[in-house]
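Compute the structure for the input listed below.
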Amino acid sequence: MAAAAAFAASDDMLVLDCGGTVWEAQAFLRARPPRVAFVELALGDEDGAALLAEVAEALPATSVIAVGTGAVEAIRALRGGAIGFLEGASATPAEWLAAAREAHLGGAPLSRGVARFVVTALARERGAGAARPVLTPRERDVLAQLATGATYRRIGGQLGISEDTVRAHIRGIYRKLRVRTRDEAISRRAELEAAAPEVWREVAC
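This is a model prediction of the structure:
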């Protein structure tokens, strides 16, 4: 596969393992949790979506990018715990590498072919009266620090947690707020603070 060759040739990434079945993937993910994992939604007769949800729940420090086809699969994957989505059949080796790098830095990569549809659909859900997202106190602390422009390392130092833990919190924040970038998260925080200032009063920026 061209993508595998691209990762092998990269000087800033290390491929820990590849699994062709859910069982193989479960085994090596538990043994060596990666920073970023690509999960195919179509695994023959097996359920890649179930694996995705399991990894997202069990390995919060791992950024899970779903690999599939079309906007419908993308939305289901994002609802199921993925932080990004890649159309594997049409993605170039450069796009695979870019997705991994973006996820590692706390972003939420989406293939261009589905991005507009996905963002629009999730925005409509939010605007249609979806329940106000509930962030944990620690997630609110992280988001407040994020709003100051602090780096992940500085946020970790301020809160006494590791950079990996900061990334895990930010992925949770992005998923709950249904945003993809720092700026979108900060903007959404402002909306929530205006709607319920008492929730944010104790969070110092």
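
Could you list which residues are in contact with Leu159?
Contacts for Leu159 were tallied using Cβ atoms under 8 Å, 6 or more residues apart in numbering; they are 138, 141-142, 145, 166. (Each C-beta comes from the backbone N, C-alpha and C, glycine too.)

State the pLDDT value of it.
We note a pLDDT of 92 for Leu159 in this prediction.

Relative to Ala185, how far out is it?
From Leu159 over to Ala185 the distance is 16 Å, taken as Cβ to Cβ, to the nearest Å.

How about Pro137?
Using Cβ to Cβ, one gets 17 Å for the distance from Pro137 to Ala185.

More neighbours: which of those two?
Neighbour count, other Cβ atoms under 10 Å: between Pro137 and Ala185, Ala185 has more, with 22 against 10.

how about the helices of this protein, start to end?
Taking DSSP state H to define them, one finds helices in the chain at 2-9, 22-31, 48-58, 70-79, 93-104, 112-127, 137-147, 152-159, 163-177, 182-195, 197-200.

Include distance to Leu41 when you put these into TSV, please.
Converted to TSV, the helices of the chain look like this (distance: least, Cβ to Cβ, whole Å):
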stretch	distance to Leu41
helix 2-9	16
helix 22-31	11
helix 48-58	4
helix 70-79	6
helix 93-104	15
helix 112-127	13
helix 137-147	27
helix 152-159	29
helix 163-177	17
helix 182-195	25
helix 197-200	35
